[in-house]
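S.K.: Return atomic coordinates for the entry below.
(one chain, ligands or ions: 2)
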Amino acid sequence: MMETIALVGNPNCGKTTLFNSLTGANQKTGNYPGITVTRVSGTFRTPHGNRYELLDLPGCYSLDPKSPDEKITRDVLFGSQEGEAQPSAVVCVVDASNLERHLYLALQVVDLGLPVVVALNKVDLAESQGVRINVEMLAEELGLPVVPCQANTGKGVIDLKHAIRHPFPHPAQAASHGLSREAMVSDEALSQARTARVQEICAHATRRLELGGMTISDKIDQVVLHPLAGWGIFIGLMLGIFYTIFSVSAYPMGWVETGIDAVKGLVDGWMSEGDVKDLVINGVIDGVGSVVIFLPQILMLLFFIGLMETTGYMTRAAMLMDGLMGRVGLSGRAFLPLMSSYACAIPGIMATRSMDSAKQRLLTILIAPWMSCTARLPVYSLLIGMLMAGQGAWMQALVLAGVYALGTVTALFAAWLLAPKVKGEEEASHFLMELPVYSRPDWSYIGRHLLERAWAFIRNAGTVILGLCILLWALQTYPKPEEGSPAAENPSLALEQSYMGRVGHAIEPVVKPLGYDWRTGTALIASFAAREVFNANLAISYSVEEVDDEEAFLERLRGQLDQATWPDGRKIYTPVTTLSLLVFFVYALQCLPTTVVVRRESGSWKWALAQLGGMSLVAWLAAFTVYQLGSLLV
Ligand SMILES: Nc1nc2c(ncn2[C@@H]2O[C@H](COP(=O)(O)OP(=O)(O)OP(=O)(O)O)[C@@H](O)[C@H]2O)c(=O)[nH]1
Ligand SMILES: [Mg+2]
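M.R.: Ligands and ions are numbered 1, 2, ... in the order given. Alright, predicted model coming up:
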């Protein structure tokens, strides 16, 4: 069996970056604490020809765990994690610019009697802050091999591999003090002794040059964290991001559109008329195309989130938000998981593992899906494009910002309502988060991350969405009208008599008060499987109403929706209906995987189902209110 080596260190010291560079993996990193929340493993080979399994663990300040993710780290080191042998050796990653704080954990690991190699990371940062470390002296004082490195550029990684060498030396100072492991990590006297020892070591091995004045990070923070200017920058940034999503993304979307139209043209010429051609053009190309076309917008949003994460801006935004969050009973720690939920609720919910209060954790999990995720973006874009037809990108960006704000504000309000209902110890809501030093965006990481996400999106479109499109097309095409019946001549009538038509008519009473016809209703039901399917379903079921074929793909779809009418000739997609749909998508929890993850993270179906039911109900009521009030007013 392969021997295991564990990466251990304080949050944000660069463990995952080192892990990625040792194993060639592409695990999530970012310039803020609490990113890795579970164990991840990979393998690497040393120059001595040995192959090891490498474990990346959640960051922790000590082995006396406060939150679920820290507990994982302790259990792995103790060898008490189920199905996992105790690691043969530990690479303790310490941040050279913050040695005093980071060495404590290393000494704790040494006390466990495990062989330790110290990776002295972020030496570039220490250098620039005037911290000079005498590596030989540090190694001598610690009695451990110390390897200086810079994980984000790969410097020193080879040396580290050289240092991981058999037989692993047992640490010189390991001593059990006659205590159990649990007692040893939490023993007060030992803890003080360690702290004193760390100070002694740092006094011998480091020197701090007085650079004088404020660091660049401090100067930036004076503006970015300013009570007024800070908020201005935050809001400006968000608006800028939404604007870019509508304006710049138009170009790549145009290319995708041209591609879709070209494929359609080819297929049209190739295939002879019949069911198969209908399936390929109206089911597959229209359906999958109506989802894929929004890939550029999704990637742009993820790109901006990546920028904020890797530069360190995200923690500043969390600081700004802290006061606001405290007022509704949420801890500032909830901000980062909530922010992550804008990309996707699932990693957001996982990220709550770094929160130490169980009550706060549950509250955050319950409201996280109201942060609009990227799967909603295609639906928002389609609907906002119809609502704001002919208006500039700025207006569209404003409406999109409003849609995101609506979800966020409602989530905070819900937290305030729920806080007294969720049981658990009340924690003082002070926010102790280290502000990491600003750093340049990690372009290569962002690039790889985006590629990975794009590939996952395309894979999903080519499998799940494709399958659903074929199913939806079949439900809308069969049973076929009999030869000579009126429906045979009239595609709309044929659609009404299809299986889908029957289901649609059955549910129409539920969606009609919201302003939707049965076709929109079935699209809504189908989107509980995956939100993006909403677009696909509309594209498939409205494609029976041909409009001018010269227009580009997206315009055509919007045109078809715009021309759809009720039997009495009134338009279905009025601005009020469109708004009601937008609101429905902000609130509805249409994502089965989220429900499954909530069940796992909250430990009970009760909360997961209550969340699903509650959010669906709120979505219905809100859409109902918008439609009914809107119809009265307009
Ligand atoms: N300047 C500098 N930055 C680094 C270095 N190593 C890592 N970083 C940056 O430090 C930040 C944190 O890196 P991660 O690898 O996510 O840290 P982690 O220890 O895994 O953090 P958690 O998972 O939250 O415990 C990222 O923005 C990295 O790009 C380094 O040697 N020098
Ligand atoms: Mg990590």
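
S.K.: Could you use CA atoms for every contact and neighbour count after this?
M.R.: Will do.

S.K.: Could I get the full set of strands for this protein?
M.R.: 3-9, 40-45, 51-56, 89-95, 116-121, 131-133, 146-148, 206-208 (DSSP state E).

S.K.: Any idea which of the ones you listed gets closest to ligand 2?
M.R.: For ligand 2, the closest of the strands of the chain is strand 51-56, at 6.9 Å, according to CA to the ion.

S.K.: any residues touching the closest one, and which ones?
M.R.: Outside strand 51-56, the residues within contact range by CA atoms under 8 Å, 6 or more residues apart in numbering are 2-8, 15-16, 19, 23, 39-45.

S.K.: Any buried residues in that strand, and which?
M.R.: The neighbour-count check on strand 51-56 (16 or more other CA atoms under 10 Å) flags Tyr52, Glu53, Leu54, Leu55, Asp56 as buried.

S.K.: ditto for stretch 181-191
M.R.: Within stretch 181-191, the residues that qualify as buried are Met184, Val185, Ser191, counting by 16+ other CA under 10 Å.

S.K.: And the residue of the stretch 201-350 of the chain closest to ligand 1?
M.R.: Thr310 (4.7 Å; CA to the nearest ligand atom).

S.K.: wait, what's in contact with that residue?
M.R.: Contacts of Thr310 (CA under 8 Å, 6+ apart): Thr29, Gly30, Asn31, Tyr32, Ser439, Arg440, Pro441, Asp442.

S.K.: Ligand 1 versus the residue lying farthest from the centre of the chain, what's the distance?
M.R.: Residue farthest from the centre of the chain, counting by CA atoms, centre = their mean, is Gly484 at 53.8 Å. Relative to ligand 1, Gly484 is positioned 67 Å away (CA to the nearest ligand atom, to the nearest Å).

S.K.: hmm, back to that, the strands of the chain: lowest mean pLDDT?
M.R.: Mean pLDDT is lowest for strand 206-208 out of the strands of the chain, coming in at a mean of 86.

S.K.: other SSEs contacting that strand?
M.R.: With contacts taken as 3 or more CA pairs under 8 Å, 6 or more residues apart in numbering; DSSP states H and E, strand 206-208 sits against strand 131-133.

S.K.: ok, residues contacting the strand it packs on?
M.R.: By CA under 8 Å, 6+ apart, the residues outside strand 131-133 that reach it are Ala96, Ser97, Ala126, Ala205, Thr206, Arg207, Arg208, Leu209.

S.K.: how about a cut-off of 10 Å?
M.R.: Residues outside strand 131-133 that contact it (CA atoms under 10 Å, 6 or more residues apart in numbering) are 96-99, 120, 123-127, 148, 202, 204-211.

S.K.: ok now that strand, how far from the chain's centre?
M.R.: Mean-position distance between strand 131-133 and its chain equals 37 Å (CA atoms, centre = their mean, to the nearest Å).

S.K.: do stretch 157-175 as well
M.R.: Mean-position distance between stretch 157-175 and its chain equals 36 Å (CA atoms, centre = their mean).

S.K.: What of stretch 71-87?
M.R.: Per CA atoms, centre = their mean, the displacement of stretch 71-87 from the mean C-alpha position of its chain is 27 Å.

S.K.: can you tell if it touches ligand 2?
M.R.: No: for stretch 71-87 and ligand 2, the contact criterion (CA under 5 Å from the ion) is not met; the two come no nearer than 11.7 Å.

S.K.: now stretch 148-160
M.R.: No: shown here: stretch 148-160 not in contact with ligand 2 (CA under 5 Å from the ion), separated by at least 12.2 Å.

S.K.: Next, the buried residues of that stretch.
M.R.: Neighbour count says stretch 148-160 has Pro148, Cys149, Gln150, Ala151, Asn152, Lys155, Gly156, Val157, Asp159, Leu160 buried, by 16+ other CA under 10 Å.

S.K.: Can you give me every residue that contacts the fourth one?
M.R.: Counting by CA under 10 Å, 6+ apart, Ala151 touches 13-22, 119-123, 157.

S.K.: Quick check, pLDDT for it.
M.R.: Looking at Ala151, its pLDDT reads 94.

S.K.: Relative to Met137, how far out is it?
M.R.: Plainly put, Ala151 is 22 Å away from Met137 if you go by CA to CA, to the nearest Å.

S.K.: Ok, the third one next?
M.R.: Applying CA to CA, one obtains 20 Å for the distance of Gln150 from Met137.

S.K.: do the last one as well
M.R.: As for Leu160, its distance to Met137 is 18 Å (criterion: CA to CA).

S.K.: With the fifth one instead?
M.R.: When distance is defined by CA to CA, Asn152 is 25 Å away from Met137.

S.K.: for the second one, same thing?
M.R.: Taking CA to CA as the measure, Cys149 falls 16 Å from Met137.

S.K.: now, which of the contacts of strand 51-56 lie close to ligand 1?
M.R.: Checking the contacts of strand 51-56 against ligand 1 by CA under 6 Å from any ligand atom, the ones in range are Lys15, Thr16.

S.K.: Generate a ChimeraX selection restricted to the buried entries among the contacts of strand 51-56.
M.R.: Buried members of these can be picked out in ChimeraX with the line below, counting by 16+ other CA under 10 Å:
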select :4,5,6,7,8,15,16,19,41,42,43,44
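
S.K.: Against ligand 2, which of the contacts of strand 51-56 make the cut? List them.
M.R.: Residues of these in contact with ligand 2 (CA under 5 Å from the ion): Thr16.

S.K.: okay, Leu432: pLDDT?
M.R.: We have a pLDDT of 60 for Leu432.

S.K.: What of Arg440?
M.R.: For Arg440, the predicted pLDDT is 90.

S.K.: how many neighbours does it have?
M.R.: Arg440 is flanked by 10 other residues according to other CA atoms under 10 Å.

S.K.: Hmm, Gly306 and it touching each other?
M.R.: No: under the criterion of CA atoms under 10 Å, Arg440 makes no contact with Gly306, lying 11.7 Å away.
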